[in-house]
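> Would you be able to build a 3D model of this:
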Amino acid sequence: MKNENISHFKVNKVLAVLAFLHWLLSFVTDRLFFTYTLFDFSDRKQSLLSVYGWGIKFVFLVVLFLLWQLAGWIYRRYKENSETVKKRLWYTGIYFGLMVLLLFCVWPGAWRMDEFGILRDAKTLLPTFWQGYLTSLFYSFSLMLLPTPAGVVVLQCLVNACCVGYVCEKAEKLLKVKHRIWLFLPFLTFPVLDSNMYPMRMSVYVFLELFLAAVFLSAVWENRTLTKTETVLAVIVTALVAVWRTEGIYYLVWIPIVYLVIFWKQESRKRKLFFAIAVAVATLGVMVPQTVGNKLVSGDQYEITSMVLPLAPLLCEAEGKELELMEDIDKVIDTDLMIAGYQEGKSGISVFWSEPALIRQGYSAKEYGAFKSAYYRLILCYPKVFLQERLYTFTHSYGILNDTRDLFDSMDVVNFIEFRENYSGVKGISSELRRGVFSVLELWNSSHGTEKNPLFTYVYSFLPALAVLLLAALICFSKRNYKVLVVLLGVLGKVPLIFITAPSLLFMYYYGIYLIGTVGFVYGVIYYAKSKKNPEKISDSGN
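The predicted structure follows:
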């Protein structure tokens with residue numbers, strides 16, 4: 001494992017100069033997309049924006065430095081005939097090439113809803129805290145590298161391809177497959193391909209989760225500790241997945257537990273403590289801007305969205321009965337509007353977005369605390385109502401936001417019109433090709449039809465993948481394979497959190513379960529087939 005480490009990493013001065021020159025060039029290429037100001041100190045607001053803009057540009061300089069150094073390190077390892085590096089590059093290159101080809105067909109990607117606002121704010125380097133400031137940073141840095149909206153999708157596909165390269169290389173070593181092309185199968189399903197074209201945080205987030213699981217599982221299987229490179233990456237990725245999505249905060253505790261269980265005998269107490277502290281420090285460092293931004297910009301509304309779906313039927317059930325609880329809730333949410341909307345057939349989240357007056361203005365922190373307490377007490381009063389709504393949302397979470405097939409044609413949505421008119425490099429090569437590809441990926445009955453194929457609800461369901469992970473966890477428990485079990489429980493840990501808080505019936509909330517479960521299923525089938533055919537060639541490590 002020594003040749004996989006970063007301990008021999010040395011700064012390449014030539015590449016450092018090239019990174020600086022690239023940074024200087026970005027001030028010119030930024031004019032193709034951005035409208036930020038770096039030298040406007042006319043008033044306090046403009047001064048703050050200028051300082052903030054310089055901060056982003058200096059962070060981008062660090063990013064460029066790391067990217068150029070990483071490219072140089074990979075090249076040196078490749079020239080040294082590192083088999084591991086060559087295999088990972090092969091998998092990464094093949095998958096990235098396929099994704100670029102797909103993007104070429106559906107250029108500039110699957111733009112649907114919230115991402116238009118993120119892109120709009122990114123033009124001036126402003127963060128969008130509703131979807132996570134990390135998403136805004138990803139947009140900004142992607143657009144500084146490739147100054148067109150599709151650049152976000154390109155960089156997203158590159159990150160995902162790097163994760164695929166790592167996973168496939170480890171799987172090849174584990175499964176000893178002859179035809180490596182089979183290892184790509186779980187990454188070529190319709191939901192994965194469609195999500196790769198969707199420039200949203202979840203599309204990258206789930207691949208980071210997969211990478212994190214693969215890092216620990218490969219260490220278990222190979223009966224080794226993490227290399228220094230893997231340790232650093234595990235800390236960084238844990239911080240990202242813990243903060244980028246609200247439900248991911250449990251990783252702050254779970255990943256140190258995974259490390260403790262897996263390396264209970266192999267690592268010293270000092271090293272295990274150091275890992276836990278590193279994860280905590282990195283996570284808190286990433287978390288602070290998001291927490292501050294939420295308070296300044298979003299207030300309590302993001303948290304409220306996690307309650308409105310079950311709250312609507314709960315209010316209808318409690319109307320005229322739980323007067324005190326209803327009164328506490330009404331100080332934050334107009335209960336009459338919510339009940340009326342729900343009785344008209346709208347869901348709680350639909351009422352939230354369609355009724356601007358739903359959220360009361362000027363409520364206090366004490367009143368908001370009472371609102372949450374009343375919500376939880378309503379759940380205890382009517383658990384059946386709550387569970388019925390949550391189960392329905394759980395089993396029907398296969399939806400996709402909007403229809404993006406006609407992004408360049410007949411769609412008269414304000415966001416689409418602005419996108420077509422205000423950004424360069426967004427015109428696809430063929431509207432018919434784009435429409436046809438998305439019709440296949442999203443299982444529309446026809447390229448111009450408005451009905452989905454009945455198979456859509458099965459293809460985009462995460463439930464089979466969840467069943468695979470639960471079965472794997474039960475098998476590990478029965479065989480007392482606690483090292484693998486603790487990793488699987490970490491992956492499954494998000495399910496009850498999403499079950500309780502999911503604000504709508506969207507596939508993307510459980511996409512991580514779908515991807516990791518699909519990878520586990522495909523590789524499990526390959527492992528089973530290989531073990532039946534050549535049992536002596538399959539390692540028993542990690543039992």
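
> so when I look at Pro450, I'm seeing a helix, right?
Pro isn't right for residue 450; it's Thr. No. According to DSSP: H, G, I helix; E, B strand; the rest coil, Thr450 belongs to no helix; its state is coil.

> distance of it from Gly436?
16 Å (Cβ to Cβ, to the nearest Å). Placement of C-beta: from N, CA and C, glycine included.

> cool, Pro496 as well?
Look at Pro496 and Gly436: by Cβ to Cβ, they are 40 Å apart.

> What of Lys57?
Here Lys57 is placed at a distance of 41 Å from Gly436 (Cβ to Cβ).

> and if you look at Met338?
Distance from Met338 to Gly436, by Cβ to Cβ: 42 Å.

> and the two? which has more neighbours close in?
Neighbour tally, Met338 and Gly436, criterion other Cβ atoms under 10 Å: the higher count belongs to Met338, 24 against 17.

> Is it correct that that one falls within a strand?
No. Counting by three-state DSSP, one finds Met338 to be helix, located in no strand.

> ok, now which ones touch it?
Val308, Leu311, Ala312, Leu315, Gly348, Val351, Leu358 (Cβ atoms under 8 Å, 6 or more residues apart in numbering).

> Kindly recompute the last result at 7 Å.
Shown in contact with Met338 (Cβ atoms under 7 Å, 6 or more residues apart in numbering): Leu311, Ala312, Leu315, Gly348, Val351, Leu358.

> Verify the stated contact: the fourth one with Thr305.
No. Taking contact to mean Cβ atoms under 7 Å, the distance of 9.0 Å between Gly348 and Thr305 leaves them out of contact.

> Neighbour count for these two, which is higher?
In this view Gly348 and Thr305 are compared by other Cβ under 10 Å, and Gly348 has more residues nearby, 25 against 19.

> Now do the phi/psi pair for the more buried one.
Here is the backbone geometry of Gly348 (degrees, to the nearest 10): phi -60, psi -40.

> Which pLDDT value goes with it?
Per-residue pLDDT puts Gly348 at 87.

> where's Glu367 relative to Glu344, distance?
Distance, Glu367 to Glu344, by Cβ to Cβ: 27 Å.

> returning to that earlier point: greatest separation within the contacts of Met338: which pair is it?
Leu315 and Leu358 (11.8 Å; Cβ to Cβ).

> ok, and Asn81, which helix or strand is that part of?
In the assignment (DSSP states H and E), Asn81 maps to no helix and no strand.

> With the one 3 residues further on instead?
In this assignment (DSSP H and E), Thr84 forms part of helix 83-106.

> Buried ones in the very next helix or strand once past that helix, by neighbour count?
Downstream of helix 83-106, the first helix or strand assigned by DSSP H and E is helix 114-122. Residues of helix 114-122 classed as buried: Asp114, Glu115, Phe116, Ile118, Leu119, Arg120, Asp121, Ala122 (neighbour count, 16 or more other Cβ atoms under 10 Å).

> so how far is helix 114-122 from its chain's centroid?
Relative to its chain's centre, helix 114-122 lies at 17 Å (Cα atoms, centre = their mean, to the nearest Å).

> who's in contact with it?
Thr128, Gln131, Thr135, Ser136, Tyr139, Ser140, Leu143, Pro149, Pro199, Met200, Asn415, Phe419.

> cool, stretch 146-160 as well?
With contacts defined as Cβ under 7 Å, 6+ apart, stretch 146-160 is touched by 29-30, 32-33, 96, 99-100, 103, 107-109, 119, 139, 142-143, 145, 196-197, 199, 203-204, 207, 423-426.

> now do stretch 192-212
Surrounding stretch 192-212, the residues in contact under the criterion Cβ under 7 Å, 6+ apart are 99, 102-103, 106, 109-112, 115, 131-132, 135, 152-153, 156-157, 159-160, 163, 166-167, 234, 237-238, 240-241, 244-245, 441-442, 508, 511-512, 515-516, 519.

> so of the residues you listed, which ones are in helices?
99, 102-103, 106, 115, 135, 152-153, 156-157, 159-160, 163, 166-167, 234, 237-238, 240-241, 244, 441, 511-512, 515-516, 519 (DSSP state H).

> so what secondary structure elements neighbour the helix holding Thr84?
Helix 83-106 is packed against helix 44-79, helix 150-175, helix 431-441, with contacts defined by 3 or more Cβ pairs under 7 Å, 6 or more residues apart in numbering; DSSP states H and E.

> The following helix or strand past the second one - what's its average pLDDT?
Translated: helix 150-175. Next along the chain after helix 150-175, taking DSSP H and E as the criterion, comes helix 190-196. Mean per-residue pLDDT for helix 190-196: 96.

> Report the next helix or strand after helix 190-196 in sequence order.
Moving toward the C-terminus from helix 190-196, the first helix or strand encountered (DSSP H and E) is helix 201-221.

> Report the separation between Ser439 and Lys452.
In terms of Cβ to Cβ, Ser439 sits 10 Å off from Lys452.

> Quickly list what's touching both of those two.
The contact sets of Ser439 and Lys452 do not overlap (Cβ under 7 Å, 6+ apart).

> So which of the contacts of Met338 belong to helices?
Taking DSSP H as the definition of helices, the contacts of Met338 contribute Leu311, Ala312, Leu315, Gly348, Val351.

> Endpoints of stretch 392-404, how far apart?
Distance between the two ends of stretch 392-404: 26 Å, counting by Cα to Cα, to the nearest Å.

> Contacts for it, please.
Under Cβ under 7 Å, 6+ apart, the answer for stretch 392-404 is 110-113, 309, 438, 442, 457, 460-462, 499, 502, 505-507, 509-510.
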